[in-house]
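# Here is the input, now give the coordinates:
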Amino acid sequence: MTLSDLLVPTYVQMLGAVSNWLTKAETQRLDGAAEALLAARLSPDMFPLATQVRFACRQAQEAVFRLLEQDFPASLQALLDEGRNGCEQPGTLADAKARIAETLAVVEAAATTGITIDGSAPIAHALPNGMTLDLTAEQYARDWALPQFYFHVVMAYAILRAEGIDLGKADYAAHMFAYIRPPATA
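Numbering: from 1, shown residues only. Next comes the predicted model:
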C-alpha cells in the first residue's frame, strides 16, 4: 500500500461525507436557518463549523502538495485565512461545499498523476508557533496529516449533531456500505 492509496480514498470519502452532512443540514433547517450553523461551535474557545470545514480541506490539500514536494498554491493560504476568519465571516453553506469540491478536485487530480511517495523521505513541517517537526513522509501522513484531517471532520460532525442535525454513524461511515456482505441464500 502506498501513501497515496491510503490518503486519497480517505480524503475523498470523508470530504464527500462532510458535503452530504451540509446538504442534510440544509434540508432539515429551512428558510436560511441552516446558514446560521456555520457560526456554531462546541465550545466558546473552539473554531466554528465554517472553520472546521475549511481546515479539513486545508489539511487534505496541504498533505497532497507536501507529499508531492510541490509548492503550496496561493489558494491554500487563502483557505487558511478564510478558516482563521470563520468566526467573523463564516460564509454560506454553498461556499463550504464549494471549498470541499475544490479540495476533492485537487486530491483526485493528484491521484491521477500516479503518485509514488518514498515513505522514508524527510519532511520538515514548520508549525505556526515556531516549532518544526522532523518526520518521514510516512510519519507525516500517519501521525500528522490524517489525525489533523480527522480532527476537523469529527468536529464538523459533532457541531452539526450538537445543533440538532439528524446525523448518525451511517452518515459518518457511509462509504462502508459498499463492503456489506450480501445475505447468504438458503
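# any low-confidence regions in this structure?
Applying pLDDT under 70 to the chain picks out residues 1, 3, 114-115, 186.
# where do the helices sit along it?
Here the chain has its helices, by DSSP state H, at 3-28, 49-67, 74-84, 93-112, 137-139, 146-162, 169-172.
# quick one: buried residues of the third one?
Translated: helix 74-84. Leu76, Leu79, Leu80, Glu82, Gly83 (16 or more other C-beta atoms under 10 Å). Where C-beta positions appear, they are placed from N, C-alpha and C, glycine not excepted.
# could those go into a markdown table alongside distance to Arg181?
Shown next, in a markdown table, are these (distance: C-beta to C-beta, whole Å):
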| residue | distance to Arg181 |
| --- | --- |
| Leu76 | 41 |
| Leu79 | 40 |
| Leu80 | 42 |
| Glu82 | 42 |
| Gly83 | 40 |
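# related to what we said a few turns ago, let me have the helices of the chain in a markdown table, extended by distance to Gly119.
Listed next are the helices of the chain as a markdown table, based on distance: least, C-beta to C-beta, whole Å:
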| stretch | distance to Gly119 |
| --- | --- |
| helix 3-28 | 6 |
| helix 49-67 | 10 |
| helix 74-84 | 23 |
| helix 93-112 | 16 |
| helix 137-139 | 4 |
| helix 146-162 | 14 |
| helix 169-172 | 28 |
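# most tightly surrounded among the ones you listed?
Burial of the helices of the chain is given as mean neighbour count (mean count of other C-beta atoms under 10 Å); helix 49-67 ranks first at a mean of 25.
# How far off centre is that helix?
The gap between where helix 49-67 is centred and where its chain is centred comes out at 6 Å by C-alpha atoms, centre = their mean, to the nearest Å.
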